[in-house]
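# Below are the sequence and a predicted model for it; my questions follow.
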Amino acid sequence: DVRHGTVLYVEDITVSFDGFKALDALTLYVNAGELRCIIGPNGAGKTTMMDVITGKTRPDAGRAWFGQNIDLLTLDEPRVAQAGIGRKFQKPTVFENHTVHENLELAMAGARSVWPVLFARLSGEQSAHIDETLELIGLAERRHTLAGALSHGQKQWLEIGMLLMQEPELLLVDEPVAGMTPQEVERTAELLVRLAGKRSVVVVEHDMEFVRSIARTVTVLHEGRVLAEGSMDKIQNDPKVVEVYLGE
Ligand code: ADP
């Protein structure tokens with residue numbers, strides 16, 4: 001079976017807005033444990049693709065499967081999240097008036113109301129999960145800091161940690177390093193590399209240097225289709241890709 005080890009199947013997906021095809025029979029596969037970067041000029045269809053995968057936009061045609069048998073096109077956004085797909089939007093959304101640790105507790109509890117969650121005792125297992133995540137995102141020392149007092153980069157890492165509380169199998173990350181300092185960019189690269197393996201990570205990013213530093217496989221979208229796919233070296237020497245980027 002050629003699909004063995006594939007976690008995400010996007011096949012022949014077409015999305016039209018008033019006759020304009022934002023996605024045009026897009027086909028793309030993501031392997032289990034992979035760290036994939038999606039690049040492409042503005043308007044290429046990157047956001048629309050993420051919207052289709054997460055149940056925010058329904059395509060006109062095509063199929064999208066998660067794992068071996070979850071038909072993503074039958075699920076709404078909350079159910080896609082429950083199925084194991086976490087999405088990190090560009091702008092961090094954390095509970096500014098709660099500590100880093102409380103933010104993770106709240107994320108672990110899902111949509112339940114704030115105070116009962118914070119007064120509930122954590123099990124040993126839950127506590128360990130939060131501690132591990134704090135280490136992973138580099139905020140163990142900041143566990144009692146109010147999220148509102150964190151730097152922009154730290155807020156981004158916290159939000160990734162919050163997504164990890166639901167133990168997603170696939171993490172979709174939109175432009176994680178926009179607005180970060182060079183040191184934060186470097187730490188974000190390390191974090192994303194560490195996250196892959198146990199789960200799959202798909203990153204949409206404009207910063208080419210960053211993409212080069214993290215990606216094994218890069219997919220270039222253009223006009224709603226895959227223009228090229230492969231290693232960064234292969235992509236950068238592809239005349240089709242060069243033409244699209246020079247024309248931007
Ligand atoms: P990217 O994220 O790669 O910049 P998008 O997926 O946001 O690209 O957009 C792809 C194309 O679809 C663009 O031309 C955009 O203007 C168009 N588009 C996206 N969403 C809508 C919408 N809700 N209504 C009309 N056109 C849209």
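That came in fine, so what should we check first? Keep in mind that what you see is a predicted model, and the values were worked out from it rather than measured.

# By mean pLDDT, point me to the weakest helix or strand of the chain.
helix 114-119 (a mean of 76; mean pLDDT, DSSP states H and E).

# quick one: contacts of that one?
95, 98, 102, 105-106, 109 (Cβ atoms under 8 Å, 6 or more residues apart in numbering). Backbone N, C-alpha and C define where each C-beta goes, glycine included.

# switch the cut-off to 6 Å
Residues outside helix 114-119 that contact it (Cβ atoms under 6 Å, 6 or more residues apart in numbering) are 102, 105-106, 109.

# Turn those residues into JSON lines, including distance to R225.
Below are the contacts of helix 114-119 laid out as JSON lines (distance: Cβ to Cβ, whole Å):
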{"residue": "E102", "distance to R225": "44"}
{"residue": "E105", "distance to R225": "43"}
{"residue": "L106", "distance to R225": "40"}
{"residue": "A109", "distance to R225": "41"}
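
# and which of those residues is nearest to the ligand?
Nearest to the ligand among those is L106, at 29.3 Å by Cβ to the nearest ligand atom.

# Apart from its chain neighbours, what residue comes closest to that closest one?
Leaving aside its chain neighbours, L106 sits nearest to V117 (5.6 Å; criterion: Cβ to Cβ, 6 or more residues apart in numbering).

# Assign V173 to helix, strand or coil.
strand (DSSP: H, G, I helix; E, B strand; the rest coil).

# was I right about it contacting R87?
No. Using Cβ atoms under 6 Å, V173 makes no contact with R87, being 8.0 Å away.

# These two: who's more crowded?
V173 (27 against 21; other Cβ atoms under 10 Å).

# Mind exporting the C-alpha coordinates of the least confident helix or strand of the chain to PDB?
Written as PDB, here are the backbone C-alpha positions of helix 114-119 (Å, rounded to 0.1, in the frame of the first residue of the first chain):
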ATOM      1  CA  VAL A 114     -12.000  28.700  33.800                       C
ATOM      2  CA  TRP A 115     -12.500  28.600  37.500                       C
ATOM      3  CA  PRO A 116     -13.600  25.000  38.000                       C
ATOM      4  CA  VAL A 117     -10.600  24.000  35.900                       C
ATOM      5  CA  LEU A 118      -8.100  26.000  38.000                       C
ATOM      6  CA  PHE A 119      -9.500  24.800  41.300                       C
END
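
# Can you point out the buried residues in that helix?
Across helix 114-119, burial judged by 16 or more other Cβ atoms under 10 Å covers V117.

# Next, the buried residues of the helix or strand that that helix is followed by.
Later in the chain than helix 114-119, the nearest helix or strand by DSSP states H and E is helix 124-136. Going by neighbour count (16+ other Cβ under 10 Å), the buried part of helix 124-136 is 126, 129-130, 133-134, 136.

# Just want the most central residue of this protein.
Residue closest to the average C-alpha location in the chain (Cα atoms, centre = their mean): L172, at 1.7 Å.

# wait, what's in contact with V185?
Per Cβ under 6 Å, 6+ apart, neighbours of V185: V177.

# how about 7 Å then?
177, 210 (Cβ atoms under 7 Å, 6 or more residues apart in numbering).

# now P176
88, 156, 188, 203, 205.

# The same query, at a cut-off of 10 Å, please.
Residues near P176 by Cβ atoms under 10 Å, 6 or more residues apart in numbering: 88, 90, 92, 153, 156-157, 159-160, 184-185, 188-189, 191-192, 201, 203-205, 207, 210, 214.

# and if you look at A196?
A196 makes contact with 33-36, 171, 202-203, 214, 216 under the criterion Cβ under 10 Å, 6+ apart.

# picking up where we left off before, so which of the buried residues of helix 124-136 also contact the ligand?
Subset of those in contact with the ligand: empty, counting by Cβ under 6 Å from any ligand atom.

# Format those as JSON lines; extra columns: pLDDT.
Formatted as JSON lines, those follow (pLDDT from 0 to 100):
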{"residue": "Q126", "pLDDT": "93"}
{"residue": "H129", "pLDDT": "96"}
{"residue": "I130", "pLDDT": "97"}
{"residue": "T133", "pLDDT": "98"}
{"residue": "L134", "pLDDT": "98"}
{"residue": "L136", "pLDDT": "97"}
